[in-house]
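Enquirer: take a look and give me a structure for this.
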Amino acid sequence: MSKKKWFDYIPHPVVLLFGIIVFTAILSHLLPAGTYERELVDGRQRVIPGSYQEIAPTPVGVFGIFRALPLGFKAAAEIIFVVLAGGIMFGMLEKSRMVENTIGTVVNRVGLKRKYFMVVMMTYLFGLLGVVIGYENNIAMVPIAAVLSLALGGDLILAAGISVGAITVGFGLSPINPYTVGVGHKIGEMPLFSGALIRSVLCFIGLSMMAWYNVRYFKRITNNPDSGLSKGLDTEGFSLSKPISEYSISKNNWLVMGIFVGCLCLMLYGIFNYHWYLNEISAIFIIIALLTGIAARMDGNTFSETALKYIGLVAPGAFMVGYATSIKIVMEMGSISDTVAFQLSNLLATLPTYASAIFMSVIQSVINLFIPSGSGQALATLPIMIPLGEILGLTRQTTILAFQIGDGVTNLFNPSLGGLIAMLGMCKVPFDRWLRFIFPLVIMILVVSWLVLLFTVYINWGPA
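Expert: Reported below is the predicted structural model:
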């Protein structure tokens, strides 16, 4: 028998997350309960530095663990519904044949000889969506990458790399990320989105590494299909139904495409002008589904059966979103969120300047497992980290970059990040398979990011 590799020991995501929930509950018995005082700034609660104090312990017992599960689903209701709405929308688009016919026609005209080029371009495109539009906002775009990947001769893991990987890297390292960089600059009282050049270079490098990694994997499975990680994964709804040469786009397909693109433009207008978020995005997805059904002349039974079918397909991902959110609930029940931030920040105090920059990024990566929200983590940790960084000789810009790297890069494998779990669910990729695929690249991007971070320490990077 061959020796097991490290990834063979990765438990099923349901087991893995439950283990993290139990571990968090145990921490509530081992760590003192504590809290920072907070102040309301621009409608958000922000930590007041130096205000940490211990409070009466509220350890989470066995019943509390199971009580946290429904509370997690309650807290994640908006994300759960946007996953379901995205599934319904894609189901209607797929039933209308618009997605399949469009991708089949594009691949036919571009040619399979340029398939590696298409993988690179699509990786950059999905990365750009992450940079400009956001994270959960792009959930419904993921299945399109699945259809494209299979049309090119790839698999669902490649589809996840093209879409989920690129969106996560683009969003995590975006120079205009409002949830991390934007909130960080407000907390640090700095010019909004300053220092964009270095962040843009780092983001481009990260996306280029993601594109190279995708092509490398694609070449590997092309040469040896048995070396892929998608064996046994369900491709129903993603596979092309006829040879590439037979595809064309009908007038009805153009009509459905116009509905899809038009509603997406409306969604973007609402996001940037009226600050629309998950509830409004879900509404747009449902409107697209309804208009697509009308345009494709679906009767009531067909529409209903298609909706329920695709709800069933994305339900596991939606379930995992609520399940993962239970970790945050346990932290709050045990009153240890602020304690973890306080204890980890104290570890920085004795380190030299260069080492403290790297370790600050590592600390943010650890905290990200328990507070996966970028803006939530910024509001909880940066009021502590920015003054501490200045004491250690780090500029505010460098401290915010360390936070952004720790939060953004580790989002690629963060099991408690609802958006990641949801997107993987949209392309039917289990978390353990994804971890096996993405983890080596995470290490590479972290190393490059840390080199850039050290460079910013060297140049004493300011707000410009």
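Enquirer: only C-alpha atoms for contact and neighbour calcs from this point on.
Expert: Noted.
Enquirer: beyond the helix or strand hosting Ile311, next helix or strand please.
Expert: Element membership for Ile311, per DSSP states H and E: helix 300-334. As assigned by DSSP H and E, the chain's next helix or strand after helix 300-334 is helix 337-347.
Enquirer: angle of the helix holding Ile311 against helix 337-347?
Expert: Angular relation of helix 300-334 and helix 337-347 on a 0 to 180 degree scale: 60 degrees, by axes from the mean of the first three to the mean of the last three CA atoms, to 10 degrees.
Enquirer: buried residues of helix 300-334, list them for me.
Expert: Neighbour-count burial for helix 300-334, with 16 or more other CA atoms under 10 Å as criterion, is recorded at 303, 306-307, 310-311, 313-334.
Enquirer: ditto for stretch 450-464
Expert: Buried, per 16+ other CA under 10 Å, within stretch 450-464: 450, 452-454, 456-457, 461.
Enquirer: so which of those are in strands?
Expert: Assignment to strands by DSSP state E places none of the buried residues of stretch 450-464 there.
Enquirer: and stretch 376-386, how far out from the chain middle?
Expert: Using CA atoms, centre = their mean, to the nearest Å, the mean C-alpha position of stretch 376-386 is found 20 Å from that of the whole chain.
Enquirer: repeat that for stretch 445-454.
Expert: In terms of CA atoms, centre = their mean, the centre of stretch 445-454 is found 20 Å from the chain centre.
Enquirer: swap in stretch 68-87?
Expert: Relative to its chain's centre, stretch 68-87 lies at 15 Å (CA atoms, centre = their mean).
Enquirer: for it, give me every contacting residue.
Expert: For stretch 68-87, contacts defined as CA atoms under 8 Å, 6 or more residues apart in numbering pick out 136, 139-140, 278-279, 281-283, 285-286, 307, 310-311, 313-315, 317-319, 321-330, 418-419, 422, 426.
Enquirer: what's the span of that stretch from first residue to last?
Expert: 26 Å (CA to CA, to the nearest Å).
Enquirer: buried residues in it, which are they?
Expert: 68-69, 71-73, 75-87.
Enquirer: and those residues, which of them are in strands?
Expert: Counted as lying in strands by DSSP E, out of those, is not a single one.
Enquirer: give me the subset of those lying in helices.
Expert: Using DSSP state H, the members of the buried residues of stretch 68-87 that fall within helices are 68-69, 71-73, 75, 77-87.
Enquirer: below-threshold pLDDT in the stretch 1-150 of the chain: ranges please.
Expert: Applying pLDDT under 70 to the stretch 1-150 of the chain flags the ranges 1-8.
Enquirer: and the strands in it?
Expert: For the stretch 1-150 of the chain, applying DSSP state E, counting those that start in this stretch gives strands covering 34-35, 38-41, 44-47, 53-54.
Enquirer: so Arg379 sits against Ile48, correct?
Expert: Rather than Arg, residue 379 is Leu. No: if you go by CA atoms under 8 Å, Leu379 and Ile48 don't touch, sitting 9.7 Å apart.
Enquirer: who's more crowded, these two?
Expert: A direct count of neighbours by other CA atoms under 10 Å for Leu379 and Ile48 places Leu379 higher, at 22 against 16.
Enquirer: got the contact list for the closest residue to that one other than its chain neighbours?
Expert: Closest residue in space to Leu379, ignoring its immediate chain neighbours: Arg46 at 5.1 Å, by CA to CA, 6 or more residues apart in numbering. Residues in contact with Arg46 (CA under 8 Å, 6+ apart) are 38-40, 379-380, 383.
Enquirer: can I get these in TSV with distance to Ala357?
Expert: Below are those laid out as TSV (distance: CA to CA, whole Å):
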residue	distance to Ala357
Arg38	26
Glu39	27
Leu40	28
Leu379	19
Ala380	18
Pro383	16
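Enquirer: and the pLDDT at the residue nearest in space to the middle of the chain?
Expert: By CA atoms, centre = their mean, the mean C-alpha position of the chain lies nearest to Leu420, the distance being 4.0 Å. We note a pLDDT of 91 for Leu420 in this prediction.
Enquirer: equivalent analysis for the one 10 residues further on, please.
Expert: If you check Pro430, the pLDDT there is 89.
Enquirer: quick check: it touching Ala422?
Expert: No: applying CA under 8 Å, one finds Pro430 not in contact with Ala422, separated by 10.6 Å.
Enquirer: more neighbours: which of these two?
Expert: Neighbours were counted for Pro430 and for Ala422 using other CA under 10 Å; Ala422 has more, 30 against 18.
Enquirer: alpha carbons only: can I get the strand or helix carrying the more buried one in CSV?
Expert: According to DSSP H and E, Ala422 maps onto helix 418-426. Output of helix 418-426 as CSV, limited to C-alpha atoms (Å, rounded to 0.1, in the frame of the first residue of the first chain):
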residue,chain,number,x,y,z
GLY,A,418,-19.0,31.8,3.7
GLY,A,419,-18.5,33.3,0.3
LEU,A,420,-15.6,30.9,-0.5
ILE,A,421,-17.7,27.9,0.5
ALA,A,422,-20.7,29.2,-1.5
MET,A,423,-18.6,29.7,-4.7
LEU,A,424,-17.0,26.3,-4.4
GLY,A,425,-20.5,24.9,-4.0
MET,A,426,-21.7,26.7,-7.2
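Enquirer: many thanks, we can stop here.
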